[in-house]
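> Sequence and predicted structure, then a few things I'm wondering about:
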There are 2 protein chains.
Amino acid sequence: MTPFTFTIDAECAETWARAGTIQTPHGTIRTPIFMPVGTQATVKSVSPEELHTVGAQIILANTYHLMLRPGSQLIASFGGLHSFMHWDGPILTDSGGFQVWSLGHLRKLNEDGVTFKSHLDGSFHTLTPERVMEVEAELGADIILPLDICAPYPCPPEEAKRAMEWTHRWEERALIAKEQHRPEQTLFGIVQGAFEPELRKESARVIGNMPFPGLSIGGLSVGEPKAKMWEMLSYVTPELPRNKPRHFLGVGSPEDLVISVGLGMDMFDCVLPTRVARHGGLFTSTGRVSIKTSRFRSARGPIEEGCDCYTCQHYSAAYVHHLARAEEQLYYRLGSIHNIRFMLRLASQLRESIIAGTYPAFREEFLARYVPASEKVRDEQREKWKQATRAQHG
Amino acid sequence: MTPFTFTIDAECAETWARAGTIQTPHGTIRTPIFMPVGTQATVKSVSPEELHTVGAQIILANTYHLMLRPGSQLIASFGGLHSFMHWDGPILTDSGGFQVWSLGHLRKLNEDGVTFKSHLDGSFHTLTPERVMEVEAELGADIILPLDICAPYPCPPEEAKRAMEWTHRWEERALIAKEQHRPEQTLFGIVQGAFEPELRKESARVIGNMPFPGLSIGGLSVGEPKAKMWEMLSYVTPELPRNKPRHFLGVGSPEDLVISVGLGMDMFDCVLPTRVARHGGLFTSTGRVSIKTSRFRSARGPIEEGCDCYTCQHYSAAYVHHLARAEEQLYYRLGSIHNIRFMLRLASQLRESIIAGTYPAFREEFLARYVPASEKVRDEQREKWKQATRAQHG
């Protein structure tokens, strides 16, 4: 089995952008890369074959959800996530920590770990750094993450410091606990530190120096203004070792990808492309459009001229509009495929530009052309989704 | 362009079963055949490529729904249904008559036609035999149906007679009106007569003698006991011309297919396979199972051992169970593909048995093995779906 390696193929002379190659037991990943999210062992409405076709090289699955349903032991009895869900490429599982905070109820935190009530059936569960390593070993992903504490935004400095130090102690325990499990799995470290420049730098140094083969940047994109998020990355990246891949946890939108790459990030995961697609939002080179609006009613061309995705190759925007208005299931698939392909093509273009030495120009052109959803729209959406999640997970 | 033809390839010596070949401008259909239903220009959750893979040879689309949304003129401006929905095989469109009765509001019937209020936006529409021919010409299906009146069950004999005669007059008008439209489209006649043996025979004779190249049997499977339905077919079939294909409108379940073939039916359409799949009901050779029940929680094999569908070839029943319980969109696709493949494989087995001269034995074996949903369960389901449809369509 191929061990985990990371090599840098090219670096930008003017920014922190780099192009790299990750080897995992289930295949090669060329970075920068976007990882579609398959929360419940399925990328919503998209089949594994379709994921391969859109160019997915690695997907993410959520430990929290899978631990509760169908259970990590059951998945282990099927030979792990890869064979359970019929996806033979690399997988990354998160630690479940973030979901305990966003979905779990009645959380009780102590030095040992965190106890919470399931959003599904009200049953109580405890996650410790050791238990998370066990669960992730059962799931069998190629890359796994340790239990961490994600501070909210805003967060008082002393609370931010406490959460960071707590996370660091848990990460040391995770490193030790992992030794008892599967050597073919690679444990990334997680950098925290909330929105305190000094804490961010400290966390990057501490976690960067622990024997983690890769690093995830956590605790960002939790409701802060974008400028704040970029500022935090500017403190973190210079402190990180050059030779480890950097995963920007839970990020992001097309413009986030383009900007973060210049701030030294290599790997991205986010539900945004599939979630906005389900609500009618589709990516184009000039920004996000709403396919349900009447301007697409009789649009003969594809969603975007020149797009190489299955949807744009075979269907008019008018047909996609019709399916979306009629709330037909095929719409969710066609919309998701388009947006995932958009993200993966963008990642691939970013990589090419880094190798060609033209990333700064690519970034400039992209940002001049692409109109992002406004901060206001994003906040409203986040609030709406939160409400919906609460209602759903009751 | 290939004109419409029907040839009989084999006939059963003991029953009325026959195997045939239909040529249409968009391809060949081997009968008996099951036609998946694509109400809104999409077979719910299944792509056109997947329909080809499961062996679909023709699909049905609903004139009523498409006329209201996105509109038949819009579809015509895209070159018709085939190119609008990216399906290059044969299509049959119904006349919309049945949906006016089951979904429309404030219906007003007169000799000219029927006026109703749309279930979508409350707008008023009028369908006449002539208008239906125009709409179906715009949709551009290979086989089209004329406007008819579907009597309810139960129905007083005099009302049944009036509805039948009315339908016959409308069908004559449809034949004349069709002359002004697309010669490559084939108009089937519809046999009505409710549950009156003499009316059924009369309708079969009258419509069978009109210059329709094919015949649909309407007004059955509307809530009557199955025995009543079979009885009605036994009056109809002997009166029908041998050389025209017979389409059993809105039927049915696997056991309906097997029995109806012996009663002389060639073509079938029904939402049942996809609808029950969405509710967790999956077909196996011994009957319908509910994939959501805990017996499938850790089932390592496929839904059915030996099944050649995409779902059974790539996923364990446990994974399908997990997706269904988690209400994941991929479930609806995997379940629908399994059930449609089941129906198409069954149709193909029926055909082979007719050609081999073993249909009676095949039927006997199938019915001995396959436990159908009980009359009670069917009634409850029908009631539930009716309620859901009412709630949905307001």
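Good, I have the coordinates.
> which residues in the stretch 201-350 of chain A form strands?
All strands of the stretch 201-350 of chain A, identified by DSSP state E, counting those that start in this stretch, fall at A:214-217, A:246-248, A:267-269, A:281-284, A:287-290.
> To B:Asp269, which of those lies closest?
Closest approach to B:Asp269 among these (Cβ to Cβ): strand A:281-284, 32.8 Å. All C-beta atoms are positioned from the backbone trio N, CA, C, and that covers glycine.
> which helices and strands does that closest one pack with?
Where contact means 3 or more Cβ pairs under 8 Å, 6 or more residues apart in numbering or on different chains; DSSP states H and E, strand A:281-284 is packed against strand A:287-290, helix A:329-356.
> Same list, the ones you listed, but as TSV with mean pLDDT please.
As requested, the helices and strands packed on strand A:281-284 are exported to TSV (pLDDT from 0 to 100):
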stretch	mean pLDDT
strand A:287-290	97
helix A:329-356	98
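> which of the ones you listed is buried the deepest?
Highest mean neighbour count among those (mean count of other Cβ atoms under 10 Å in any protein chain shown): helix A:329-356, with a mean of 23.
> can you put the strands of the stretch 201-350 of chain A in JSON lines and add distance to A:Glu130?
JSON lines is the format used below for the strands of the stretch 201-350 of chain A (distance: least, Cβ to Cβ, whole Å):
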{"stretch": "strand A:214-217", "distance to A:Glu130": "19"}
{"stretch": "strand A:246-248", "distance to A:Glu130": "22"}
{"stretch": "strand A:267-269", "distance to A:Glu130": "25"}
{"stretch": "strand A:281-284", "distance to A:Glu130": "41"}
{"stretch": "strand A:287-290", "distance to A:Glu130": "42"}
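> Ignoring the adjacent residues along the chain, who's closest to the closest residue to chain B within the stretch 201-350 of chain A?
Minimum separation of the stretch 201-350 of chain A from chain B (Cβ to the nearest Cβ) falls at A:Gln329, amounting to 3.9 Å. Excluding the flanking residues, the one nearest A:Gln329 by Cβ to Cβ, 6 or more residues apart in numbering or on different chains is B:Ser45, at 3.9 Å.
> how about stretch A:155-162: buried residues?
Going by neighbour count (16 or more other Cβ atoms under 10 Å in any protein chain shown), the buried part of stretch A:155-162 is A:155, A:160-161.
> Show me which residues of chain A are close to chain B?
Listed as neighbours of chain B in chain A under the rule Cβ under 8 Å from any Cβ of the partner chain: A:40-42, A:44-47, A:69-70, A:74, A:77-78, A:84-86, A:297-298, A:300, A:314-316, A:318-319, A:321-323, A:325-326, A:328-330, A:332-333.
> any idea how far A:Leu249 is from A:Ile143?
12 Å (Cβ to Cβ, to the nearest Å).
> Which one of those two is surrounded by more residues?
The residue with more neighbours, out of A:Ile143 and A:Leu249, is A:Ile143; 27 against 24, by other Cβ atoms under 10 Å in any protein chain shown.
> Of all the residues in stretch A:311-320, which ones are buried?
Buried, per 16+ other Cβ under 10 Å, within stretch A:311-320: A:311-312, A:315-320.
> sorry, back to before: including distance to A:His105, could the helices and strands packed on strand A:281-284 go into TSV?
Output for these, formatted as TSV (distance: least, Cβ to Cβ, whole Å):
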stretch	distance to A:His105
strand A:287-290	33
helix A:329-356	29
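> Which one of those lies nearest to A:Glu171?
Once the helices and strands packed on strand A:281-284 are compared by Cβ to Cβ, helix A:329-356 is nearest, at 27.5 Å.
> After that closest one, which helix or strand is next?
Next helix or strand after helix A:329-356 toward the C-terminus (DSSP states H and E): helix A:359-369.
> by how many degrees do that next one and helix A:329-356 diverge?
Counting by axes from the mean of the first three to the mean of the last three Cα atoms, to 10 degrees, helix A:359-369 lies at 140 degrees to helix A:329-356.
> Could you name the helices and strands sitting against helix A:359-369?
In terms of contacts (3+ Cβ pairs under 8 Å, 6+ apart), helix A:359-369 is packed against helix A:254-262, helix A:329-356.
> Can you tell me the SS state at A:Ala10?
Put simply, A:Ala10 is strand when judged by DSSP: H, G, I helix; E, B strand; the rest coil.
> picking up where we left off before, deepest of the strands of the stretch 201-350 of chain A, which one?
With neighbours taken as mean count of other Cβ under 10 Å, these reach their highest mean count in strand A:246-248, at a mean of 28.
> From A:Gln99, how far out is A:Val289?
For A:Val289, the distance to A:Gln99 - Cβ to Cβ - is 31 Å.
> same question, A:Asp256
21 Å.
> do the same with A:Thr186
With distances taken as Cβ to Cβ, A:Thr186 is found 21 Å from A:Gln99.
> The two - which one has more neighbours?
A direct count of neighbours by other Cβ under 10 Å for A:Thr186 and A:Gln99 places A:Thr186 higher, at 24 against 21.
> I'd say that one and A:Asp142 touch.
Yes: using Cβ atoms under 8 Å as the test, A:Thr186 is close enough to A:Asp142 to be in contact (6.5 Å).
> Which neighbours do these two have in common?
Residues touching both A:Thr186 and A:Asp142 by Cβ atoms under 8 Å, 6 or more residues apart in numbering or on different chains: A:4, A:24.
> one step back: restricted to helices, list the buried residues of stretch A:311-320.
Cross-referencing the buried residues of stretch A:311-320 against helices under DSSP state H gives A:311-312, A:317-320.
> now the residues you listed in CSV, with distance to B:Glu380 and pLDDT?
Listed next are those as CSV, based on distance: Cβ to Cβ, whole Å; pLDDT from 0 to 100:
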residue, distance to B:Glu380, pLDDT
A:Thr311, 39, 98
A:Cys312, 44, 98
A:Ala317, 42, 98
A:Ala318, 40, 98
A:Tyr319, 36, 98
A:Val320, 37, 98
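> I'd like to know which of those is nearest to A:His338.
In terms of Cβ to Cβ, no member of those lies closer to A:His338 than A:Thr311, at 4.5 Å.
> need the contact list for the closest one.
A:302-303, A:320, A:334-335, A:337-338.
> which of the residues of chain A next to chain B count as buried?
A:40-42, A:44-47, A:70, A:74, A:78, A:84-86, A:298, A:315-316, A:318-319, A:321-323, A:325-326, A:328-330, A:332-333.
> if we can go back for a sec, hang on, the residue nearest to A:Gln329 packs against B:His338?
No: look at B:Ser45 against B:His338 with Cβ under 8 Å: they stay out of range, at 11.7 Å.
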